[in-house]
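**Q** sharing a model that was predicted from the sequence below.
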Amino acid sequence: MAANISIGEKQIGVLNGQQVKEFTITNSKGAYAGISNYGGIITRIVVPGKSGEMGDVVTGFDSLEGFLQSGNPYFGAIIGRYANRMARGKFVIDGKEYRLACNAGENSLHGGNIGFDKVVWDAEILQDKGVKLSYISKDGEEGYPGNLKVEIIFSFNEENELTLDYIASTDRPTPVNLTSHPYFNLSAWKDEVIYDHELQINANWFTATDETLVPTGELVPVNGSPLDFTNEKTIGQDINAMNGGYDNNYVITDYDGSLKLAAIVTDPKSGRRMEVLTTEPGLQLYTTNSIDANLQHTKEGIKYQAHGAFCLEAQHFPDSPNHPHFPTTMLSPGETYRQTTVYRFSVC
């Protein structure tokens, strides 16, 4: 097994006759990440602050029932077959129009009514890495063409790096845009909001959207706007200028498909620092602009609130199949979809 990494598992429930488990990947320093085969959910990330105190920096629930409740806003889950929005729930391949479930007003969001976040994945412990989750999305599932085979390896190492390696293949052309949706608060909820978190994003442009948060196709410079995080600033500095908060896709600078530093976030009080590295061209910043106040079974009974956490979702651009000048999300038979995203934790 990799240096001093231990992997445990426990059953946390049964869903449609399938066992739901949580896997815990722990390093020799006592830091660990929890992963569930329900929805590929990152259930916990427990890392030290500057005082050495361990803290869980992601939102979640203390039971499977919590994740199954209708108000759950995709806490920690794998999103697919297409992350973010697809305009009017449709796209065209080779002249044929495909229709999706419209579960966000007139648009399709995060894979539809039953996306990858709501299915039980096959799980395998990899003794030298972590956990591999596998799922076959059948032809026609949520309106998408082709049988799509997906594998995701979650690994956690001695450097407190949680790495997600994605691989997918298909037997028919289909759009694919996968991401993970953890909500972070690096104070481990010592602070109920994330206004004082300091953020830098390696992006000079963002994708403009209409009133339904679907891209217009225009790329807009961030310079001088509230969306400008090219230099580090607090999340709260300009959040009130953002009509409820941030929910924006940033265009990663110098994207070429290699692993690049996309963002750095620091909580000055706890000293926790997180770097996000990804091979993806986009990064969605979301600041929990609204949340169901009646969520049950939250970890330690925490009452999550608006602006209580942030997401940095590594992805291709929303609605790319309907914008040919965006980086393509089309996957064809014989091709392999690959993506890597790393959440690297340290103390400053």
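**A** Looks like it came in fine.
**Q** tell me which residues in the helix or strand hosting Val92 are buried?
**A** Val92 is part of strand 90-93, with elements assigned from DSSP states H and E. Neighbour counts using 16 or more other C-beta atoms under 10 Å place Lys90, Phe91, Ile93 of strand 90-93 among the buried residues. Bear in mind the C-beta positions are built from the backbone N, C-alpha and C, glycine included.
**Q** stretch 266-281 too?
**A** Buried-residue list, stretch 266-281, by 16+ other C-beta under 10 Å: 266-267, 270-281.
**Q** out of those residues, the closest to Asp210 would be?
**A** Taking C-beta to C-beta as the measure, Asp210 sits nearest to Pro281 out of those, at 20.7 Å.
**Q** so how far is Met330 from the residue lying farthest from the centre of the chain?
**A** Distance from the C-alpha centroid of the chain, by C-alpha atoms, centre = their mean, peaks at Gly95 (31.5 Å). Going from Gly95 to Met330 by C-beta to C-beta, to the nearest Å gives 14 Å.
**Q** show me what contacts the closest residue to Asn231 other than its chain neighbours?
**A** Spatial nearest neighbour of Asn231, excluding adjacent residues (C-beta to C-beta, 6 or more residues apart in numbering): Gln200 at 6.7 Å. By C-beta atoms under 8 Å, 6 or more residues apart in numbering, Gln200 lies in contact with Phe229, Thr230, Asn231, Glu232, Lys233, Ala263, Ile264, Val265.
**Q** hang on, the earlier thing: now the buried residues of strand 90-93 in CSV, with pLDDT and distance to Glu335?
**A** As requested, the buried residues of strand 90-93 are exported to CSV (pLDDT from 0 to 100; distance: C-beta to C-beta, whole Å):
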residue, pLDDT, distance to Glu335
Lys90, 98, 23
Phe91, 98, 18
Ile93, 98, 14
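**Q** how about TSV for those, with distance to Glu106 added?
**A** Formatted as TSV, the buried residues of strand 90-93 follow (distance: C-beta to C-beta, whole Å):
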residue	distance to Glu106
Lys90	10
Phe91	14
Ile93	21
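**Q** among those residues, which one lies nearest to Cys311?
**A** Phe91 (24.3 Å).
**Q** so that closest one is in contact with Glu97, correct?
**A** Yes. Between Phe91 and Glu97 there is a contact under C-beta atoms under 8 Å: 7.5 Å.
**Q** against Pro333, how distant is Lys149?
**A** From Lys149 to Pro333 the distance is 11 Å (C-beta to C-beta).
**Q** any common contacting residues for those two?
**A** Jointly contacting Lys149 and Pro333 under the rule C-beta under 8 Å, 6+ apart are Ser169, Thr170.
**Q** which ones are touching Thr298?
**A** So Thr298 contacts Thr59, Gly60, Phe61, Asp62, Gly66, Tyr304 (C-beta under 8 Å, 6+ apart).
**Q** buried ones from the residues you listed, can you make that a ChimeraX selection?
**A** To isolate the buried members of the contacts of Thr298 in ChimeraX, using 16+ other C-beta under 10 Å:
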select :59,60,61,66,304
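**Q** which members of the contacts of Thr298 are the farthest-apart pair?
**A** Asp62 and Tyr304 (13.0 Å).
**Q** residue boundaries of the helices in this protein?
**A** Applying DSSP state H to the chain gives helices spanning 64-68.
**Q** residue ranges with poor pLDDT in it?
**A** Judged by pLDDT under 70, the chain has its weakly predicted residues at 1-3.
**Q** what do you get if the cut-off is 80, keeping everything else the same?
**A** In the predicted model of the chain, residues 1-3, 128 satisfy pLDDT under 80.
**Q** which parts of the stretch 101-250 of the chain are strands?
**A** For the stretch 101-250 of the chain, the strands defined by DSSP state E, counting those that start in this stretch occupy 108-109, 122-126, 130-137, 148-156, 161-170, 174-175, 179-181, 198-201, 203-209, 215-221, 233-234, 247-252.
**Q** any chance of the ones you listed in a markdown table, plus distance to Pro48?
**A** Formatted as a markdown table, the strands of the stretch 101-250 of the chain follow (distance: least, C-beta to C-beta, whole Å):
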| stretch | distance to Pro48 |
| --- | --- |
| strand 108-109 | 35 |
| strand 122-126 | 25 |
| strand 130-137 | 20 |
| strand 148-156 | 14 |
| strand 161-170 | 14 |
| strand 174-175 | 40 |
| strand 179-181 | 22 |
| strand 198-201 | 19 |
| strand 203-209 | 29 |
| strand 215-221 | 38 |
| strand 233-234 | 23 |
| strand 247-252 | 29 |
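**Q** nearest to Ile25, of those?
**A** That would be strand 148-156 among the strands of the stretch 101-250 of the chain, by C-beta to C-beta, at 4.1 Å.
**Q** okay, now Thr287: neighbour count?
**A** If you count neighbours by other C-beta atoms under 10 Å, Thr287 ends up with 25.
**Q** about what we covered before: ok, Lys149 and Pro333, which is more surrounded?
**A** More crowded of Lys149 and Pro333, by other C-beta under 10 Å: Lys149, with 15 against 11.
**Q** right, and that one touches Thr174 too?
**A** No. Look at Lys149 against Thr174 with C-beta under 8 Å: they stay out of range, at 11.4 Å.
**Q** ok so, going back, go through the contacts of Gln200 and name the one nearest Gly115.
**A** Nearest member of those to Gly115, counting by C-beta to C-beta, is Ala263, at 24.2 Å.
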